[in-house]
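Asks: only the shape, not the letters, is given here:
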């Protein structure tokens, strides 16, 4: 029973490494690191969103772009009015 947890953890780590390797090999040149580490970074960002209650980087960037497209952004004051 004492060996079950380390074996399961090792298998999980091996599965992650194999999955990252496959994604990196299949990705187009120049996108390999992003393809390999993208799911892990996404999981980390989701964890941070749930832990802190704040928006993640992707959501913040999307919201910023939408505000700029609609004429908002840096023109607004601290209270949200122009």
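Replies: Yep, that arrived. Here the structure is a predicted model, which is why all the values come from computation and not from measurement.

Asks: going forward, measure contacts between C-alpha atoms and count neighbours the same way
Replies: Fine.

Asks: just the helices in this protein please.
Replies: With DSSP state H as the criterion, the chain has helices at 4-26, 32-52, 57-69.

Asks: mean neighbour count and mean pLDDT added to the ones you listed, as a markdown table?
Replies: Below are the helices of the chain laid out as a markdown table (neighbours: other CA atoms under 10 Å; pLDDT from 0 to 100):
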| stretch | mean neighbour count | mean pLDDT |
| --- | --- | --- |
| helix 4-26 | 13 | 95 |
| helix 32-52 | 14 | 92 |
| helix 57-69 | 12 | 88 |
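
Asks: now do the spatially most distant residue from the centre of the chain, the pLDDT please.
Replies: Residue distances from the centre of the chain (CA atoms, centre = their mean) peak at residue 1, which lies 35.1 Å from the mean C-alpha position. Residue 1 is assigned a pLDDT of 72 by the prediction.

Asks: and the gap between the residue nearest the centre of the chain and residue 8?
Replies: Among the residues of the chain, residue 42 comes closest to the average C-alpha position under CA atoms, centre = their mean, at 2.2 Å. Counting by CA to CA, to the nearest Å, the separation of residue 42 from residue 8 is 23 Å.

Asks: with residue 30 instead?
Replies: From residue 30 across to residue 8, the span is 34 Å (CA to CA).

Asks: follow-up on the earlier one: which residues touch the residue nearest to the centre of the chain?
Replies: By CA atoms under 8 Å, 6 or more residues apart in numbering, the contact set of residue 42 is empty.
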